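>>> Predicted model and sequence below, questions to follow.
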Amino acid sequence: MSTKRVFNFSAGPSVLPLTVLEQAAAEMTNYRGSGMSVMEMSHRSKVYLDIFEEVKADLKRIMSVPDTHEVLFMHGGATFQFSAVPMNLIGKTGKADYAITGNFSNLAAKESKKYGQVNIACDSADRNHTYIPEQSDLKLDPDASYFHYCSNNTIYGTEWKYVPQTNNVPLVCDMSSNILSVPVDVSKYGLIYAGVQKNMAPAGAAVVIIDKSLAGNEHPLTPKLMSYQVMIDGDSMHNTPPCYTIYMLGLVLKWLDSQGGIAGMEKIKAAKAKILYDVLDESKMFIGCAEKEARSDMNVTFKTDSEELDNKFVKAATGAGFENLKGHRAVGGMRASIYNAMPTEGVLELADFMRKFESQN
């Protein structure tokens, strides 16, 4: 088995910073003189509570979370939140707005229909989710309890470049695949959630950032562990939290600080994305899947004019050390996920490989 690390372009679970993995490995059996692994610690112990509180404080600082909002660490990833959001929030008016711009926002909208009346504010399926509707295209229900959208669409490679204006209806956003890559004014949001396995930590948890004034109105049948109020009251510890994932998030946040925080990361990720989009724009073989104005800086989707050539490219790329470039079946072709931890070196080498492949084929 090869000891060389590949360039992992997986859409998630995704690449983690090498320095983070090395620190986790060094602390695996004996965390900072405690004599045990973080995996073995009681979540109520002082040593673990110190980790937990530092991670939470770092996330609040890095994202400039205002005092009006609480940070929660919940099990189940983002898909768990597809149910938790309507269970907790739709009851105010019994209605909610959903913007469908890809697979995950579509799944969230379907799930929410179990709990109330859902208005589809927009749906980009008419052009296979290759674009993001403009503000003027949004059909808003003034009576909605909240407006839900997904800020980056991993499968289709599109990203919202603006924050929707909803006339005081609380904004709920799934930021799973671009959180910590672009500055966000958290005060504009009623609720932000993100599965951690793309830009934050290993899989197994979701970060939820909620305006505390929205909690406490959940459906009576809401399970305790899905109640935002219960989670706020228990500081995410009503039951054992995803301890190791939270610890790993803490290491990633320290690494993010070393990159210049979110502002520094925004410059790095924009430069990485430009490298690949420049190849696509110059190419006579590769075709970008997303419309230019909506292109994601996190997930670059592209293809050739033949499925046979797509398969040849993926096979050759894998052989050259570029893993997980096969596109999702809904789009086909290829997808390069270039989350925060993907080094610029990997993107430059992929761009070179794409140019060579084109010249040889």
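Yep, it's here.

>>> Output the contacting helices and strands for the longest helix seen in the chain.
In terms of residue count, the longest helix belonging to the chain (DSSP state H) is helix 261-282. Applying 3 or more CB pairs under 8 Å, 6 or more residues apart in numbering; DSSP states H and E, we find helix 261-282 packed against strand 287-288, strand 299-303, helix 344-360. Every residue, glycine included, has its C-beta placed from N, CA and C.

>>> And the pLDDT at L309?
Looking at L309, its pLDDT reads 98.

>>> That one should be in a strand, yeah?
No: counting by DSSP: H, G, I helix; E, B strand; the rest coil, one finds L309 to be helix, located in no strand.

>>> wait, what's in contact with it?
M285, N361 (CB atoms under 8 Å, 6 or more residues apart in numbering).

>>> Check the spacing between it and K315 real quick.
11 Å (CB to CB, to the nearest Å).

>>> thinking D174 is in contact with L107, fair?
No: if you go by CB atoms under 8 Å, D174 and L107 don't touch, sitting 10.0 Å apart.

>>> For C122, what are phi and psi?
Main-chain dihedrals, C122, degrees, to the nearest 10: phi -170, psi 160.

>>> Apart from its neighbours in sequence, what residue is nearest it?
P133 (4.1 Å; CB to CB, 6 or more residues apart in numbering).

>>> Spit out the contact partners of the closest residue to N152 other than its chain neighbours.
Nearest residue to N152, sequence neighbours excluded (CB to CB, 6+ apart): N178, at 3.8 Å. By CB under 8 Å, 6+ apart, the contact list for N178 reads S151, N152, E159, N199, S296, D297, M298.

>>> which ones among those residues are found in strands?
Residues of the contacts of N178 located in strands (DSSP state E): N152, E159.

>>> Give me the secondary structure label for E70.
From three-state DSSP, the assignment for E70 is strand.

>>> what's around it, how many residues?
Burial measure for E70: 20 neighbouring residues, criterion other CB atoms under 10 Å.

>>> and if you look at E345?
9.

>>> for S10, same thing?
17.

>>> what's the answer for V163, then?
V163: 15 neighbours (other CB under 10 Å).

>>> Excluding chain neighbours, what is closest to it?
K188 is the one closest to V163 (CB to CB, 6+ apart), at 5.9 Å.

>>> burial count for that neighbour?
So K188, with other CB under 10 Å, has 14 neighbours.

>>> returning to that earlier point: and the residue nearest to N152, which of the three is it?
coil.

>>> Would you agree the residue nearest to C122 is in contact with I100?
No: with contact defined as CB under 8 Å, P133 does not count as touching I100 (9.5 Å).

>>> any residues in contact with both of those two?
Joint contacts of P133 and I100 (CB under 8 Å, 6+ apart) are C122, S124.

>>> ok, the two, which is more surrounded?
I100 (24 against 20).

>>> and that one, how far is that from G33?
51 Å.

>>> Before I go, just wanted to say thanks for your time.
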